[in-house]
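Asker: Attaching a predicted model along with its sequence, questions to come.
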Amino acid sequence: MSELSKHSVYLINEVLLQSLSVKTLARNKLNSWGRFLLWMQLLLFIYSPSAWSVADAGDLLQPFVSESLTYDNNLFRLSEDRPPGAQMKTGDFINKASIGGRIHKALSRQIFDLDLQVDDNRYAANNQLDNVSTKDSAVWLWQVDHDWSGRLGAEYSRSLAGFENTQFFSLDLLDRPAYYFDIRYQLNSNIRFDAGWRKSDTSHSAAARQNQNIESQTSHGGVTFLTSKGNSLGVEYAHTDARFPLRQLSFGEGAVDIAYQENLARALFKYDYSPKLHFEGQAGYLMRSHPNLPQTDYQGEIWRIGMNWMPTAKTVVAVSTWHELAAFTELASNYYISEGVSFTPSWNITNKIVLSGQARMETQNHSGVRKDELFSSQVNVSYTPVHCAELNLAYQFYQRDSNRQSYSYAGDSITATVRLKF
């Protein structure tokens, strides 16, 4: 780390210390800005500038701050024939102030990564939705000898639930902790074994939505065959157990638990056709069973194929197509069949300006009860005048047509972001 970078970290550290006044810390509940500062102070205290005087060249400490302003003309994703409620404004400005940082530390063969980000989200018209969100992760990339390696990690996020699928238009924050462990054994240059386990939960802050709280555990194992050119073909089996601790469906008498299990067998491949053309994908068979509600069971083929093409040194084109079983984060008990294609180009116009975009078309089939056709497109322009600053301008258009009119909507949004790295 350069002397300038170390001095910047020192100044930020001092500002944060001064900002956390005794009065703020004495409160029973810190305000959102106080929580921002506490997280950042912890990050900078652990890795103070003095610690970096003996850091390896590959180590990284990078705090950041950012500010974004978004205007969305259909915030609640309402259909044309549905007027907003008394406390709802269809179009709104959203201001997001963010602070966080990343630590990357290598100790011999062990690598540690820590990413923290906290956002203060404020709505100009719908201030009942004001909230503090976060997205954090910590992972240990471990290695023993040359044959054994893996990951041990944890993730946590808090975000505002979407409105378009639940049509619940009040504040509902989703808390999503997750923990995982992966292990890999390299038998030789051509054969690799993998296994792992993951536990993830989703809980809703709104009492009316807590019947969608979900707890799930997934374990997986497989073998991969590799070639000397870096291509690979593997097979994997995964099993998931999911339960909804507060969810029951009533059918006249009594209630029904809608816990489910999933069993997935699939093949995975990676293939480099040339240095500029890369393919990656998977295909398999999925069975989802509900022990107490067998009429909602599913079994069938799933697949996803992606292509990355670099026609020139400054352009990249990514194309993906899929047929999968999916569920909305805020409505985990209802699955649907997703079929679609996405097209994502990127062009480095200069060393400082990047133009990118995405077009996405998707069909969502909700067990024959509801069928949605979705289309979205987005254009982004990023400008990096200096290495520590980035300006971004993004425009998005979105549309959903449904056989149930109340689920159809259309709108667009524009976002301007300034991000500073230290």
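Answerer: Here it is on my side, so go on. On a predicted model such as this, the values are computed, not experimentally measured, just so you know. Numbering: from 1, shown residues only.

Asker: gap between residue 133 and residue 119?
Answerer: Applying CB to CB, to the nearest Å, the value for residue 133 to residue 119 is 5 Å. (Each C-beta comes from the backbone N, C-alpha and C, glycine too.)

Asker: Hmm, I typed the wrong one, I wanted residue 203.
Answerer: Distance, residue 203 to residue 119, by CB to CB: 19 Å.

Asker: Show the residue spans covered by the helices in the protein.
Answerer: Counting by DSSP state H, the chain has helices at residues 3-19, 22-26, 32-46.

Asker: Which pLDDT does the model give the nearest residue to residue 381 once chain neighbours are set aside?
Answerer: Nearest-residue entry for residue 381: residue 393, 5.0 Å, with adjacent residues in sequence omitted and distances by CB to CB, 6 or more residues apart in numbering. Looking at residue 393, its pLDDT stands at 98.

Asker: Residue 415 is in contact with residue 393, correct?
Answerer: Yes: assessed by CB atoms under 8 Å, residue 393 is found in contact with residue 415 at 7.4 Å.

Asker: Comparing those two, which shows the higher neighbour count?
Answerer: residue 415 (18 against 13; other CB atoms under 10 Å).

Asker: Now do the contacts for residue 217.
Answerer: Listed by CB atoms under 8 Å, 6 or more residues apart in numbering, the contact set of residue 217 reads 197, 198, 199, 240, 241, 242.

Asker: By neighbours, which of those wins?
Answerer: Neighbour counts for the contacts of residue 217 (other CB under 10 Å) peak at residue 242, which has 20 neighbours.

Asker: Is that one bridged to anything, and to what?
Answerer: Here residue 242 shows beta-bridge partners residue 216, residue 260, assigned using DSSP bridges.

Asker: I'd assumed residue 288 was in contact with it.
Answerer: No: with contacts counted by CB under 8 Å, residue 242 stays clear of residue 288, the gap being 9.4 Å.

Asker: Mutual contacts of the two, please.
Answerer: By CB under 8 Å, 6+ apart, residue 242 and residue 288 have these common neighbours: 260, 261, 262.

Asker: pLDDT weak spots in the protein?
Answerer: 1-57, 248-255 (pLDDT under 70).

Asker: Please repeat the previous calculation with a cut-off of 80.
Answerer: Counting by pLDDT under 80, the ranges of the chain that qualify are 1-58, 85-87, 247-257.

Asker: What is the burial count for residue 160?
Answerer: 18.

Asker: Okay, and the beta partners of it?
Answerer: residue 173.

Asker: Select from the shared contacts of residue 242 and residue 288 the one having the most neighbours.
Answerer: Counting neighbours by other CB under 10 Å, residue 260 comes out on top of the shared contacts of residue 242 and residue 288 with 24 neighbours.

Asker: check contacts around that residue.
Answerer: Going by CB under 8 Å, 6+ apart, residue 260 touches 242, 288, 289, 290, 291.

Asker: repeat that with 6 Å
Answerer: Contacts were defined as CB atoms under 6 Å, 6 or more residues apart in numbering; by that measure residue 260 touches 242, 288, 290.

Asker: Just want to check the distance between it and residue 379.
Answerer: Separation of residue 260 from residue 379 (CB to CB): 39 Å.

Asker: Kindly report the same for residue 271.
Answerer: On the measure of CB to CB, residue 271 and residue 379 end up 30 Å apart.

Asker: try residue 281
Answerer: Residue 281 sits 27 Å away from residue 379, going by CB to CB.

Asker: Name the residues linked to residue 363 by a beta bridge.
Answerer: Beta-bridge partners for residue 363, by DSSP bridges, are residue 339, residue 373.

Asker: you'd agree it is up against residue 338?
Answerer: No: shown here, residue 363 and residue 338 do not form a contact pair, counting by CB atoms under 6 Å, at 7.4 Å.

Asker: So for these two, which residue has more residues nearby?
Answerer: It is residue 338, of residue 363 and residue 338, that has more neighbours when counted by other CB under 10 Å, with 19 against 14.

Asker: What residues does the more buried one make contact with?
Answerer: Counting by CB under 6 Å, 6+ apart, residue 338 touches 324, 326, 364.

Asker: Report whether the expected contact of the last one with residue 335 is present.
Answerer: No: at 10.1 Å, residue 364 and residue 335 do not qualify as touching, with contact defined as CB under 6 Å.

Asker: Please, where are all the strands along the stretch 151-300 of the chain?
Answerer: Secondary structure of the stretch 151-300 of the chain, counting by DSSP state E, counting those that start in this stretch: strands at 173-186, 191-204, 214-226, 232-243, 260-274, 277-289, 298-312.

Asker: Quick check: beta-bridge partners of the closest residue to residue 345 other than its chain neighbours?
Answerer: Once flanking residues are discounted, residue 345 sits nearest to residue 317: 4.9 Å by CB to CB, 6+ apart. As for beta bridges, residue 317 partners with residue 309, residue 345 under DSSP bridges.

Asker: count of residues packed around residue 317?
Answerer: Look at residue 317: counted by other CB under 10 Å, it has 15 neighbours.

Asker: Against residue 308, how distant is it?
Answerer: Residue 317 is 7 Å from residue 308, where distance means CB to CB.

Asker: swap in residue 128?
Answerer: Distance from residue 128 to residue 308, by CB to CB: 43 Å.

Asker: now residue 367
Answerer: From residue 367 across to residue 308, the span is 34 Å (CB to CB).

Asker: Comparing these two, which residue is more hemmed in?
Answerer: Set residue 367 next to residue 308 and count neighbours by other CB under 10 Å: residue 308 wins out with 16 against 13.

Asker: The more buried one contacts residue 318, correct?
Answerer: Yes: counting by CB under 6 Å, residue 308 touches residue 318, with 5.1 Å between them.

Asker: ok, the spatially closest residue to residue 190 that is not a sequence neighbour - how many residues close by?
Answerer: In space, and not counting its chain neighbours, residue 190 is closest to residue 226: 5.5 Å by CB to CB, 6+ apart. Residues lying near residue 226 (other CB under 10 Å) number 17.

Asker: So what pairs up with residue 226 in the strands?
Answerer: Beta-bridge pairing for residue 226 (DSSP bridges): residue 232.
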